[in-house]
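Novice: Okay, predicted coordinates and the sequence, questions at the end:
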Amino acid sequence: MEYYIAWWNVENLFDVNNANTRPAWLQKKLNKELNDWTNGVLKKKVEQLTSIIEQMNGGNGPDVLGVCEVESEAVLTRLVNAINLTDRDYGIVHSDTKDARGIDVAFIFDKKKFKTPKKSDVFNHVVLKRNATRDIVQVNFKTKSNPENDLVLIGNHWPSRMGGELSSEPYRIIAAETLSYWLERINDKFGKEVSVVVMGDFNDEPYNRSMQKYALSEKDSKRVKSKRSTKPYLYNLMWPLQTDGAGTHFYDTWGMLDQILVNRSLLSKSDGLSLVKNSQEIIRFPELIKSGKPRRFGRPSAKGFDQSGYSDHLPIAMKIQAADS
């Protein structure tokens, strides 16, 4: 059996302005930003996102979709309920955090293929930048295959480059060090053969220090595969996709801020699951691109609002398979 795993920064999927599920401190923070973010605008945003999700995986939809920039479980539930795929039964793992803008990391998963995780199987950490900003979320999934397999997914949304790439870099390095610590903890709990997929909007490129020196992300899979290494190296699937004009986000030029990384187990087929070779992709459906960059949806209160848009990031995806597939 194959599993299609995708990631997408869906760009500011907020509930309507003055939503009754939003705490007062956050409403005060977002009031101007969400001016004219009405039920009609949210409905259109959801329709745009679901039209892309339904096309993923050859029109079958993802088995797991990691997302970031979602405000709440309520608005994520609205998104899931709008997905029109008859063979899917999607569940949600959402970890509510105190991010300064109220945007979180979450997972949508097919309950036909994965058991619903217990609360004790979900962990989150908020990176502090004098206040809470962005987060890392770990979910310990179990497949419903026979035999079942453990699959640990870690979703990341690292601190932005606001204020400058170099001045903001230390916060992403903190996130990277946290990720590496988590990987060591995962190995201690499950053993070194457990399968781990790390995905997210890292706000850094695969070649940046935070990814290579601190998250231990590798271009070459040899070091990751080596059993002699005691460090939790990861193989970055985005390296082969870094060609001229390729990327997931556009700011003056294309950048590969969104990435998927896998651990040694998925490269060595040692725990029942393995990476499907060359399955990684940047999803570039024609409608997602406008004037050579992602066709963002935006907000009515800001420049560039386009209800025919989607997000300022492109989705990415990969496949893994069970050993007996």
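Specialist: Alright, I've got the coordinates.

Novice: Would you state the helices of the stretch 51-200 of the chain in chain order?
Specialist: Using DSSP state H, counting those that start in this stretch, the helices of the stretch 51-200 of the chain run over 56-59, 73-82, 165-190.

Novice: An error on my part: the question was meant for the stretch 201-325 of the chain.
Specialist: Taking DSSP H, counting those that start in this stretch as the test, the helices found in the stretch 201-325 of the chain are 209, 221-225, 264-268.

Novice: hmm, back to that, same list, the helices of the stretch 51-200 of the chain, but as JSON lines with mean neighbour count, distance to residue 280 and mean pLDDT please.
Specialist: All C-beta spots, glycine's among them, are computed from the backbone N, C-alpha and C. Below are the helices of the stretch 51-200 of the chain laid out as JSON lines (neighbours: other CB atoms under 10 Å; distance: least, CB to CB, whole Å; pLDDT from 0 to 100):
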{"stretch": "helix 56-59", "mean neighbour count": "14", "distance to residue 280": "13", "mean pLDDT": "98"}
{"stretch": "helix 73-82", "mean neighbour count": "17", "distance to residue 280": "24", "mean pLDDT": "95"}
{"stretch": "helix 165-190", "mean neighbour count": "17", "distance to residue 280": "19", "mean pLDDT": "92"}
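
Novice: related to what we said a few turns ago, of the helices of the stretch 201-325 of the chain, which is nearest residue 7?
Specialist: Taking CB to CB, helix 264-268 is the member of the helices of the stretch 201-325 of the chain nearest to residue 7, at 15.5 Å.

Novice: Report the mean confidence score over that closest one.
Specialist: Helix 264-268 carries an average pLDDT of 92.

Novice: what's that helix packed up against?
Specialist: Helices and strands touching helix 264-268, as assessed by 3 or more CB pairs under 8 Å, 6 or more residues apart in numbering; DSSP states H and E, comprise strand 195-201, helix 221-225, strand 273-275.

Novice: Least confident of the ones you listed, on average?
Specialist: Among the helices and strands packed on helix 264-268, helix 221-225 carries the lowest mean pLDDT (a mean of 91).

Novice: now for it, which elements pack on it?
Specialist: Packing partners of helix 221-225 (3+ CB pairs under 8 Å, 6+ apart): strand 234-236, helix 264-268.

Novice: Direction included, what does the shortest one pair up with?
Specialist: Okay, so that is strand 234-236. Applying DSSP bridges, strand 234-236 is found paired with strand 217-218 (parallel), strand 258-262 (antiparallel).

Novice: burial of residue 286, as a residue count?
Specialist: Using other CB atoms under 10 Å, residue 286 is surrounded by 7 other residues.

Novice: from what I can see residue 254 touches residue 243, true?
Specialist: No - between residue 254 and residue 243 no contact is recorded; they are 9.6 Å apart, counting by CB atoms under 8 Å.

Novice: Tell me which of the helices and strands packed on helix 221-225 sits nearest to residue 144.
Specialist: Across the helices and strands packed on helix 221-225, closest to residue 144 is helix 264-268 (CB to CB), at 18.8 Å.

Novice: what about the chain, any weak spots by pLDDT?
Specialist: Along the chain, segments meeting pLDDT under 70 span 97-100, 128-134, 270-271, 324-325.

Novice: Residue most distant from the centroid, it?
Specialist: The C-alpha centroid of the chain is most remote from residue 228, which lies 30.1 Å away (CA atoms, centre = their mean).

Novice: Give me the phi and psi angles of that one.
Specialist: Backbone geometry at residue 228, expressed as degrees, to the nearest 10, gives phi -80, psi -20.

Novice: One more: residue 277?
Specialist: For residue 277, the backbone dihedrals are phi -60, psi 130 (criterion: degrees, to the nearest 10).

Novice: And residue 28, by the same measure?
Specialist: Backbone geometry at residue 28, expressed as degrees, to the nearest 10, gives phi -60, psi -40.

Novice: one step back: please identify the deepest-packed of the helices of the stretch 201-325 of the chain.
Specialist: Ranked by mean neighbour count under mean count of other CB atoms under 10 Å, the helices of the stretch 201-325 of the chain are led by helix 264-268, which reaches a mean of 22.

Novice: And the contacts of that helix?
Specialist: Contact partners of helix 264-268, identified using CB atoms under 8 Å, 6 or more residues apart in numbering, comprise 192-197, 221, 224-227, 233, 235, 270-271, 273-275, 320.

Novice: Contact partners for the spatially closest residue to residue 242 that is not a sequence neighbour?
Specialist: In space, and not counting its chain neighbours, residue 242 is closest to residue 256: 5.8 Å by CB to CB, 6 or more residues apart in numbering. For residue 256, the contact set (CB under 8 Å, 6+ apart) comprises 205-206, 238, 241-242, 246-249.

Novice: Let's see which of these end up in strands.
Specialist: residue 249 (DSSP state E).

Novice: Out of the contacts of residue 256, which comes closest to residue 309?
Specialist: Of all these, residue 309 sits closest to residue 249, with 14.1 Å by CB to CB.

Novice: Which residues are in contact with the closest one?
Specialist: Residues near residue 249 by CB under 8 Å, 6+ apart: 9, 201, 255-258, 294, 312-314.

Novice: before we move on, what about residue 67?
Specialist: With contact taken as CB under 8 Å, 6+ apart, residue 67 is in contact with 7-10, 13, 76, 105-108, 155.
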